[in-house]
Each structure stands twice: as structure tokens, then as C-alpha cells.
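**Student:** Fold the following.
(chains A, B, C and D)
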There are 2 protein chains.
Amino acid sequence: MPETTAPKKPDAGAEEPDRSRLRDPEGTRKRILAAALQEFSAKGIDGARVDAIAERAGTNKRMLYYYFGSKDDLFRAVLRQRLAERAPTARERDRTGPGRIADLQDRLEGQMDYVRLLMWEGLERGRRRRVEQELLRQDSLTEWCDDVREAQRRGDLPDDLDAEQLVLSELALVMFPFAFPQITRLVTGKVPTDPTFKAERRAFLELLTARLDS
Amino acid sequence: MPETTAPKKPDAGAEEPDRSRLRDPEGTRKRILAAALQEFSAKGIDGARVDAIAERAGTNKRMLYYYFGSKDDLFRAVLRQRLAERAPTARERDRTGPGRIADLQDRLEGQMDYVRLLMWEGLERGRRRRVEQELLRQDSLTEWCDDVREAQRRGDLPDDLDAEQLVLSELALVMFPFAFPQITRLVTGKVPTDPTFKAERRAFLELLTARLDS
DNA sequence: GGTATTGTTAACTACCTAGTTAGTACATGG
DNA sequence: CCATGTACTAACTAGGTAGTTAACAATACC
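**Tutor:** Next up, the predicted model:
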């Protein structure tokens, strides 16, 4: 009985606004990923709505399941892509110089979405033993710790501080305001995206680094 | 005959652990709050299930709406209570001495639920201008900043560091590992609840404080 | 002892949401 | 131009979810 609800045929006289290409697999995939990044970053896995992602991507829900298997898989894909994007630049930066912490902050500016993804990861998927892109991330962080240890041997960094704890602390100092915007506001009266705040924080971090390394 | 489902009376010889009173308004309220604290802390507002909270509290969903108006109100009540609980102890601690950061960590131990509540607050309700218990929290933090400034005047703390940024940073150093357990594990190989990790972090924070204050 | 109030319950509803079905349009290559 | 696989779509479904209803039971109060 194949005459149930007969999907409409694209009428020749229809005036579609910007239907440039009717088929665009890679484009669709990318648009879904981008839309999902926004939605997941803003609302997390539980809070995100699959329909909202589809709509934002200018496609429909089915495509999302066509390219990625499930909501959860989509989240993982988003996180994986975002991590892979950041990995190369992470390797380039100076991790032991006097401006390292302020630099790290500069790099993180405009990447609040990234920090939020990591928070959702920690909160919503915290129980998992394995974490997305585990090896890639671990390598990158281990390399950072090694750099610190070498700098300690050279005498560029104080050698009584544990390298791993130091790395963790530098991440903490930079990421915290983005992770806890409400606390930042309560303490400083400014939101972490405020340029004034960023400048003040940068200045503070430079002083702090100098004091640490002395 | 009103013997429909006959709510059992507390039989004298019965060995119920704590089914003391059939009616226990305050107890029920508290049990709901406690259950909600666990559930919200673990899963956030979107992730938490009202039925799960009710069941955990040993009551039913209606009571939750009877005492608190909605899921969101319940979350706010939980947060408010938790904040009020912590407020007095926050005032007591030494905020400027050499052991202050390590102390702060000790206080936060076993309060991961608290940190997670604050994270959910920041993530899920971040857009709101007003935050739960705004005045209470702000007062407490302002007081802390004032203490720091006074210590700077006395010369107990370096006076070139901005007091507010310093407070923010001390919070960051202590809260970060709990907030980003996955990053903590990737960097140090240990989860933040691991006693070994806590001890190592404590030692590091003490060294760091000494270096900062020098 | 009667009655108003407050606490408690199971069952219900109206809506939402992730995931699916089943079909259509486009492309490719023979 | 026809056959076959790929991209795409609207409508559907099954199960979940916050919030409600309505009846009833314990207590308080007179």
C-alpha cells in the first residue's frame, strides 16, 4: 500500500532562496558538527536537543543519525574534532618561559566553547575510565611535563616543584575563570569575557609567574 | 470499612530500622533535600530525574512538588542550603597564613558534591545575572579579599599582587582538580580523590604558597 | 468527637525526545 | 537512459518526563 503520505515533489516553479547544491555530503557533515559544537557547548549532552542541532545545521534529524550513530556518538565526534584541532597548536607554544601562563590564557581566549566541552566531559561522562582521544591528550600533556622537567634541570624553572602538579596548576589558573564564571563575577565583579578582566588577569598571571620562577 | 491499603502502624514488635513516624514533615523535607543534593550533584539539573530523587528520599514525587515548587526550585533550594551550610566555616579559616591554600584543600576534601553543584550552576544557569544567595556569597568573598589586602598592608602577603585575582587563583588551584578529574588523571595519572594525589597536591600547594609569599 | 488542616499516596496526563520508518531525489557508471 | 547506491526528507513511534489530580490519612484544634 505505497500511497500513504506521498512526500511532496520539488515543484519546478518553487522559489527556494539559497539551495545552491542539493547534495553536499561533506558540507552537511560539517554543518552538523558545527551546530552540535554550539549546542553541546551551551547545554551539555543532556541539555542539548537533537532537533535543535538539526535545525541549526539546516538539515533534519535523520541526517544526524545517518552520519553519526547517536546523540552520544555525536558528542564524542565533536569533542574528538575539537581536541584534534587544538593538539598541533598546543605543541608549538613555549611552556617554560616567563610569559607562558599569560600566553596560555591568550590562547584560550575565545575558546570558552572548548573549556565548556571539557567541563561537560568531566561532569557528564566522568565515570568512564577512558576519555576521548586519550592517547593524543596524554602524549601532549606528558610532553609538556617533560619540557618542564628539562627546564628545571637547566635551572629555568624552580626544581623543588613537582612538574605534573605545576602543569596542572597552570591549567587551573587559566581555565578556572571560564569554568566558574559566577565565582569570577562574585570575586572580581567582572565576567571572564570582559576585556578589562582579561587584561587584569593577564597582568596578574605575569607577576605570579615571575614570582614563581624567581 | 476503611481498610483499603491500611498504612501499617508502627508495630511495637516490628523491627523497622527507622520507620518511626508515619508523618514526619521535617524529616521528609530533609530526606528530599539530601536525595536531591546527591542526584543533582551527580547529574545536574537536566540529567537529574525527579522520580529518582523521590525514590531515593523514600517518598513519592508529589511530596517534592508539595514542599518545593518545581525541579528548578528544588535545585535552587539544594544550592542555597549547601551554601548556607558552608558560609560559617568559611569565615573561620585563616586566609592569609602560610598554610592557607593547603588548608583550603583540606576543607574541600569530601566536598566534591559542593564543587560539582557549583559547576552545574555555572554551566546550566550561567546566563542568569543573579546567582543563588548572591549577597551571602559576595559578602563572604569580599571579606576574604579584605583580609588579603590587610595582610598585604601588614607585609604578610606580597602587595604587588591584586587581592581579588589572588583569591580567585587560590580557589582555582584547589578546586580545579575536582572540577576536571579527567584532566587531572591525564596529567598526573591519578584521580583527584586518590589519597596519594591529595597528599602530593597538598605538599605542592604548601611549597607554592611559600614561594608566592616570599 | 467532630472537623479543618496538613501530609501522603498512587495513578494520571500532556507533552517532549531520541531514535526509526519508509519513501523520494540525485548521482554515477554502464 | 536505466540501474544501483548515496544523500536527503517528513512523518511517525515508543518510551520518558515534569508536573497534576483526587482521594485519603494523620494530626491539631476546639
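**Student:** Show me where chain A has its helices.
**Tutor:** A:25-47, A:50-56, A:61-67, A:71-92, A:100-108, A:112-124, A:134-154, A:163-179, A:181-188, A:195-213 (DSSP state H).
**Student:** Contacts only, for A:F176.
**Tutor:** A:T184, B:L168, B:S169, B:L171, B:A172, B:M175, B:F176, B:A179 (CB atoms under 8 Å, 6 or more residues apart in numbering or on different chains). Placement of C-beta: from N, CA and C, glycine included.
**Student:** Rank those by pLDDT and give me only the lowest.
**Tutor:** Confidence by pLDDT is poorest for B:A179 among these, given 93.
**Student:** What residues does chain A have near DNA strand D?
**Tutor:** A:5, A:7-8, A:22-25, A:27-28, A:59-63, A:66 (CB under 7 Å from any atom of the strand).
**Student:** of all those, which two lie farthest apart?
**Tutor:** Pairwise distances among these were taken by CB to CB; the largest, 28.5 Å, belongs to A:T5 and A:G27.
**Student:** For these two, indicate the residue with more neighbours.
**Tutor:** A:G27 (14 against 5; other CB atoms under 10 Å in any protein chain shown).
**Student:** Tell me the spacing between the nearest residue to A:E206 once chain neighbours are set aside and A:L108.
**Tutor:** Nearest residue to A:E206, sequence neighbours excluded (CB to CB, 6 or more residues apart in numbering or on different chains): A:A102, at 5.0 Å. A:A102 is 11 Å from A:L108, where distance means CB to CB, to the nearest Å.
**Student:** just A:T209 next, same as before
**Tutor:** A:T209 is 16 Å from A:L108, by CB to CB.
**Student:** Repeat that for A:Y66.
**Tutor:** For A:Y66 relative to A:L108 (CB to CB), the value is 34 Å.
**Student:** what does A:T59 give?
**Tutor:** Taken as CB to CB, the span from A:T59 to A:L108 is 31 Å.
**Student:** Between those two, which is the more surrounded one?
**Tutor:** Applying other CB under 10 Å to A:T59 and A:L108 shows that A:T59 carries more neighbours, namely 20 against 17.
**Student:** Quick check: that one touching A:L33?
**Tutor:** No. Checked against CB atoms under 8 Å, the pair A:T59 and A:L33 is beyond contact range at 11.6 Å.
**Student:** Where does the prediction get shaky in chain A?
**Tutor:** Within chain A, the stretches with pLDDT under 70 are A:1-21, A:127.
**Student:** which residues does the most centrally placed residue in chain A contact?
**Tutor:** Geometric centre of chain A, nearest residue: A:Y114, 1.7 Å, by CA atoms, centre = their mean. By CB under 8 Å, 6+ apart, the residues touching A:Y114 are A:S41, A:R82, A:R86, A:L108.
**Student:** again with A:F197
**Tutor:** Counted by CB under 8 Å, 6+ apart, A:F197 has contacts A:P177, A:T184, A:T188, A:K190, A:V191.
**Student:** Check A:L104 too.
**Tutor:** By CB under 8 Å, 6+ apart, the contact list for A:L104 reads A:R93, A:E170, A:L171, A:V174.
**Student:** let's see it at 7 Å
**Tutor:** Counting by CB atoms under 7 Å, 6 or more residues apart in numbering or on different chains, A:L104 makes contact with A:E170, A:V174.
**Student:** The one 3 residues further on now?
**Tutor:** Listed by CB under 7 Å, 6+ apart, the contact partners of A:R107 are A:R93.
**Student:** Compute the distance between it and DNA strand C, please.
**Tutor:** A:R107 is 32 Å from DNA strand C, where distance means CB to the nearest atom of the strand, to the nearest Å.
**Student:** And for A:G58?
**Tutor:** For A:G58 relative to DNA strand C (CB to the nearest atom of the strand), the value is 16 Å.
**Student:** A:Q38 too?
**Tutor:** 15 Å.
**Student:** leaving aside the residues next to it on the chain, what's closest to that residue?
**Tutor:** The nearest residue in space to A:Q38 (CB to CB, 6+ apart) is A:R56, at 6.7 Å.
**Student:** pretty sure the one you found is touching A:A35, no?
**Tutor:** Yes. Between A:R56 and A:A35 there is a contact at 3.8 Å, judged by CB atoms under 7 Å.
**Student:** out of the two, which sits in the busier spot?
**Tutor:** The residue with more neighbours, out of A:R56 and A:A35, is A:A35; 22 against 16, by other CB under 10 Å.
**Student:** contacting residues around the more buried one?
**Tutor:** Going by CB under 7 Å, 6+ apart, the list of residues near A:A35 reads A:I53, A:R56, A:A57.
**Student:** Likewise for A:L205?
**Tutor:** A:I101, A:A102, A:Q105, A:L173.
**Student:** Which of these sits closest to A:A77?
**Tutor:** For these, the nearest to A:A77 is A:Q105 (28.1 Å; CB to CB).
**Student:** if we can go back for a sec, tell me the buried residues within the contacts of A:F197.
**Tutor:** With burial judged by 16 or more other CB atoms under 10 Å in any protein chain shown, the buried subset of these is A:P177, A:T184, A:T188, A:K190.
**Student:** so which of those residues also contact chain B?
**Tutor:** A:P177, A:T184, A:T188 (CB under 7 Å from any CB of the partner chain).
**Student:** Need those residues in TSV (columns: distance to B:L141).
**Tutor:** Formatted as TSV, those follow (distance: CB to CB, whole Å):
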residue	distance to B:L141
A:P177	14
A:T184	11
A:T188	9
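**Student:** nearest to DNA strand D, of the residues you listed?
**Tutor:** Nearest to DNA strand D, judged by CB to the nearest atom of the strand, of these is A:T184 at 29.2 Å.
**Student:** quick one: contacts for that closest one?
**Tutor:** A:P177, A:V191, A:P192, B:L168.
**Student:** Now with 6 Å, please.
**Tutor:** A:P177, A:P192 (CB atoms under 6 Å, 6 or more residues apart in numbering or on different chains).
**Student:** for A:R31, same thing?
**Tutor:** A:A57.
**Student:** That one and A:L64, how far apart?
**Tutor:** 10 Å.
**Student:** and if you look at A:Q165?
**Tutor:** Taking CB to CB, one finds A:Q165 at 41 Å from A:L64.
**Student:** Compare these two (neighbour count), which wins?
**Tutor:** Taking neighbours as other CB under 10 Å, A:Q165 and A:L64 compare with A:L64 leading, 25 against 22.
**Student:** So which bits of chain A are right by chain B?
**Tutor:** Taking CB under 6 Å from any CB of the partner chain, the part of chain A that reaches chain B is made up of A:46-47, A:122, A:126, A:131, A:137-138, A:141, A:161-162, A:164-165, A:167-169, A:172-173, A:176, A:179-182, A:186-188, A:204, A:207, A:211-212.
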